[in-house]
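Peer 1: Give the three-dimensional model of this entry:
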Amino acid sequence: MWHLLAQSRAVARRKRGRGGMIDFSKAREAMVDSQVRPSDVTRFAIIAAMLDVPREKFTPRAQRAVAYADAQIPLAAGRVLLDARTFAKMLEAAEVGAGDVLLDVGAGYGYSSVVAARIAAAVVALEEDETLAAHAAELIPAEGAHNVIVETGPLAAGAPAAGPYDVILVEGAVEAVAEALFAQLKDGGRLVAIVLEGPVGKAQVFTRAGDAVSSRWAFDASAPLLPGFDVAKTFAF
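Peer 2: Next up, the predicted model:
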């Protein structure tokens, strides 16, 4: 990831005009055209939302020059903003509808929640890092996403008070999905997460039908493990 960021910083420097400013609007279009559209993301609502939301505003100031890089953007210790391709494909796999209520687990600065809010009826942005949550609470309404509420608490516990949800997006990797999140899905609801299988990650779609939850592979992806989603290691003697 770090070599991609270094390369992207070099590209960003070349894209600056005489005033030293990056044209973020053009960078946003280039991100969608080169990272999102070629990745089998076809839903117009997703493409329109990602063209509309200023990704650079939801990254640390020091990282804004590479906000549209084809890479994950560091937000805090162990936490990242997912690359555009992975995030867009998760939204596509979740089949988010205009009437859906969506839980965004690990919302970070709030970019994913604002994009989802352009597509869904309502979004709950869940973040357990208080600094990240504070940024999200400030930035989300500033972008006009008044159908988003920010909740602070353990990611693996979800936000049951605002549920149940039509869609749950997990913005990072898990070794196993917490049962508490499955319990917050509506009948027919979808949960999308990157499940680690050793060093390899696979984005999976989990669908609830009554008391049963089924899963299917969506695409290969990688991301840092989110806090609270590791599996306790056992030792055999």
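Peer 1: pLDDT of whichever strand or helix holds Ser113, averaged?
Peer 2: Using DSSP states H and E, the element containing Ser113 is helix 111-117. Averaged across helix 111-117, the pLDDT comes to 98.
Peer 1: go on, stretch 166-180?
Peer 2: Averaging pLDDT along stretch 166-180 gives 97.
Peer 1: Return the residues in contact with Arg79.
Peer 2: Each residue near Arg79 by Cβ atoms under 8 Å, 6 or more residues apart in numbering is listed here: Gly106, Gly108, Asp129, Leu132, Gly172, Pro224. To be clear about C-beta, it is placed using only N, CA and C from the backbone, and glycine gets the same treatment.
Peer 1: switch to 7 Å and redo it
Peer 2: Contacts for Arg79 were tallied using Cβ atoms under 7 Å, 6 or more residues apart in numbering; they are Gly108, Asp129, Leu132, Pro224.
Peer 1: try Asp230
Peer 2: Contact analysis of Asp230 by Cβ under 7 Å, 6+ apart lists Glu175.
Peer 1: Skip ahead from the least confident helix or strand in the chain by mean pLDDT and say which helix or strand is next.
Peer 2: Across the helices and strands of the chain, mean pLDDT, DSSP states H and E gives its lowest value to helix 2-15, namely a mean of 46. Downstream of helix 2-15, the next assigned helix or strand under DSSP H and E is helix 24-31.
Peer 1: Going by neighbour count, list what's buried in that following helix.
Peer 2: If you call a residue buried by 16 or more other Cβ atoms under 10 Å, then helix 24-31 has these buried ones: Phe24, Ala27, Arg28, Met31.
Peer 1: Quick check: the last one vs Ala84, distance?
Peer 2: This means Met31. Distance, Met31 to Ala84, by Cβ to Cβ, to the nearest Å: 5 Å.
Peer 1: do the same with Val41
Peer 2: Distance, Val41 to Ala84, using Cβ to Cβ: 9 Å.
Peer 1: now do Ser112
Peer 2: Separation of Ser112 from Ala84 (Cβ to Cβ): 11 Å.
Peer 1: Pro199 now?
Peer 2: With Cβ to Cβ as the criterion, Pro199 and Ala84 are 23 Å apart.
Peer 1: Check Pro227 too.
Peer 2: 24 Å.
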